[in-house]
Each structure stands twice: as structure tokens, then as C-alpha cells.
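In: would you be able to build a 3D model of this:
(one chain, ligands or ions: 1)
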Amino acid sequence: MIKNYSKAPLPFQGQKRRFVQIFKKYLEQFSEEKIFVDLFGGSGLLSHTAKQVHPNSKVIWNDFDNYSKRLANIQRTNKILHELRKVLKDYPKDKRIIGETREKVIEILSHVNKGFVDWITLSSSLMFSMNYGKTLEDFQKSTLYNCIRQSDYNAAGYLIGVEVVRKDYKEIYNIYKDYPNVVFIVDPPYLSTDSSSYNSDGYWKLKDYLEVLNVITNQNYFYFTSDKSQIVELCGWISSVSSVANPFVNAKRINVSTAVNYSSKYTDIMYYYKKD
Ligand SMILES: C[S@@+](CC[C@H](N)C(=O)[O-])C[C@H]1O[C@@H](n2cnc3c(N)ncnc32)[C@H](O)[C@@H]1O
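Out: As a prediction, the model looks like this:
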């Protein structure tokens with residue numbers, strides 16, 4: 001039986017786990033004949049979900065970050081975690097790793113550094129959330145904590161039947177833009193949030209976010225953003241002072257509120273639009 005994942009099998013910053021249920025509900029409004037194109041695929045969670053809801057539809061995942069490579073190396077990562085667990089067996093959970101134990105941890109990391117290492121997954125085992133190391137040197141320089149989880153990672157069946165591509169989103173959009181039955185899933189890196197764990201070299205600027213809006217013009221789409229990136233506000237303002245139409249004007253908006261801590265929260269937003 002194919003497993004239904006409600007979160008990505010390996011850690012991924014910005015994955016849309018809080019939208020999975022609501023996204024499913026709106027996906028059901030499209031028929032099987034549609035092609036779903038996940039332009040900013042990230043962890044593949046939205047592609048996975050689209051394939052669950054529409055197993056007979058074509059679903060295309062743009063694996064821009066090469067998350068596939070991390071999935072393909074899951075057993076290797078589990079082995080490294082197994083070694084680390086032995087060293088951290090009696091070490092208090094969430095405590096800073098110091099002294100001889102730290103030396104042993106670095107020794108394991110140095111040893112495995114000869115082949116592929118999923119540094120992002122290791123970061124969530126050895127660093128506090130939102131902190132990422134991408135190289136051995138990053139780990140050697142950082143304060144490490146014992147956040148190691150006790151169970152192995154498993155991604156069995158996660159992206160079965162999903163087509164994988166790896167290109168700039170504009171290239172993929174250009175291939176599919178004239179298909180009458182296409183639905184674009186658009187989840188770009190957020191404006192003013194940390195995207196240091198992504199592969200994209202360049203820093204995303206306002207112009208880049210505005211350009212993404214071209215892909216939702218006259219298309220079926222799901223578009224994800226947040227009130228932290230004031231794109232929606234900007235579009236509303238532009239349309240109020242000019243003849244430029246607001247791209248979200250006929251779309252349905254769904255908000256999901258997230259508390260960072262007791263005094264601060266933000267809202268994640270999904271826009272959904274289905275052409276008649
Ligand atoms: C917010 S994340 C997507 C998260 C994804 N929906 C999920 O649930 O895991 C944005 C993704 O866009 C990728 N990205 C950045 N520049 C891109 C580009 N030019 N074309 C396609 N993807 C790009 C980032 O590397 C990152 O994986």
C-alpha cells in the first residue's frame with residue numbers, strides 16, 4: 001500500500017505540511033485529466049499530495065534542490081545517525097555537545113565526508129531548528145546540540161509515479177503554459193525569509209517575486225505566500241492606483257496562522273484559482 005505522507009520524509013525548510021489537508025480538499029475540485037506542475041518543488045510534498053489525490057494524473061515535480069539525491073541516500077544517512085546515536089547514547093537530550101563527545105561526533109562526520117553527506121538532515125540532528133550547516137567545516141565551526149531523533153528515516157513509496165525535472169521554473173512553465181489542462185503549483189522562496197538551506201545561488205529580489213506572478217496569469221493555480229512577504233499587499237496597492245489587474249482578484253484565499261512563540265505569529269496564505 002502506498003503511504004500517505006503528511007510531511008516530507010527528510011527535513012526541508014519551507015515544506016507546506018500545514019497546507020496538506022486543505023490543499024487536498026481543493027485538489028479534489030480538479031479532474032484526473034489535469035496535469036499538475038509543481039514549479040518550486042522543494043521537498044516534493046505538494047507533488048506527493050497531488051499524486052495521492054489524483055493517482056492517474058501526470059504530476060511533475062521540479063526538484064530544483066536535488067532533494068532526490070537526499071532521498072536516494074537515506075540509508076547512508078541512517079547509518080551515520082546510527083553511529084552518532086552510539087556516541088550520544090548517554091548524552092542529555094537537547095544539551096550542547098562538548099568535550100570528548102564533540103570530538104567523537106566531529107570524527108564521525110570527518111570520516112563520512114568522503115562520500116555524499118546529507119548535511120541538512122544532520123543539521124536537524126545536531127543543530128537547533130533553522131540552523132543549517134552545508135559542509136563539514138560548518139559543523140566544525142558551529143555549536144552542536146544533541147537533537148538526534150531515535151528512529152530511522154524512511155521514504156518508501158514517497159514519489160512513486162511522479163515525474164522529476166530539474167530546471168529554472170520559467171523553463172518548465174514555458175513547456176506547459178499552453179496546455180489547456182495544466183494546473184500550476186507555485187511556491188517560490190518567500191521574500192524576506194531565510195532560504196540559506198536551498199540550492200539557489202542567487203538571492204531572490206522583489207523583481208524575481210513579481211516575475212513569478214506571470215505564471216499565474218490566466219492559468220489554473222495554487223500559489224503560496226505569507227504575510228511576511230508583502231507581495232499580496234503590493235499587488236492590491238498597484239491595482240488600486242493603476243490599470244494593472246490584481247492577479248489574485250478572483251482567487252480563493254486560505255489562511256493558516258502559525259505561532260512562532262507566544263508573542264509573535266504570522267499567516268501563511270494559499271491562493272487557489274480554477275478556470276471555468
Ligand atoms: C518554499 S520552497 C518550496 C517548498 C515546497 N513546496 C515543499 O512543500 O517542500 C521554494 C523552492 O524553490 C526553489 N527555487 C529557488 N529558485 C528557483 C528557480 N529559479 N526555479 C525553481 N525553483 C527554485 C528553492 O530552492 C526551494 O526549494
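In: show me the domain layout of the chain.
Out: 17-66+167-257, 73-141 (automatic domain parsing).
In: how about the ones you listed, which one is nearest the ligand?
Out: domain 17-66+167-257 (2.6 Å; CB to the nearest ligand atom). Bear in mind the C-beta positions are built from the backbone N, C-alpha and C, glycine included.
In: what's the span of that closest one, first residue to last?
Out: This stretch, domain 17-66+167-257, spans 13 Å end to end (CA to CA, to the nearest Å).
In: same question for stretch 146-159.
Out: 31 Å.
In: any part of that stretch near the ligand?
Out: No: on the criterion CB under 6 Å from any ligand atom, stretch 146-159 is out of touch with the ligand, staying 11.9 Å away.
In: distance from the chain centre to that stretch, please.
Out: On the basis of CA atoms, centre = their mean, to the nearest Å, stretch 146-159 is displaced by 16 Å from the centre of the chain it belongs to.
In: returning to that earlier point: deepest-packed of the domains of the chain, please.
Out: domain 17-66+167-257 (a mean of 17; mean count of other CB atoms under 10 Å).
In: which stretches of the stretch 151-276 of the chain form strands?
Out: Secondary structure of the stretch 151-276 of the chain (DSSP state E, counting those that start in this stretch): strands at 163-165, 182-186, 220-226, 252-261, 264-273.
In: tell me the secondary structure at Phe36.
Out: The three-state label given to Phe36 by DSSP: H, G, I helix; E, B strand; the rest coil is strand.
In: please list the residues of this protein that sit near the ligand.
Out: Counting by CB under 6 Å from any ligand atom, the chain sits next to the ligand at 8, 12, 14-16, 40, 42-43, 45-46, 62, 64-65, 168-169, 187-189, 198-200.
In: so Asp118 sits against Arg70, correct?
Out: Yes: if you go by CB atoms under 8 Å, Asp118 and Arg70 touch, sitting 4.8 Å apart.
In: mutual contacts of these two, please.
Out: The contact sets of Asp118 and Arg70 overlap at Leu10, Thr77 (CB atoms under 8 Å, 6 or more residues apart in numbering).
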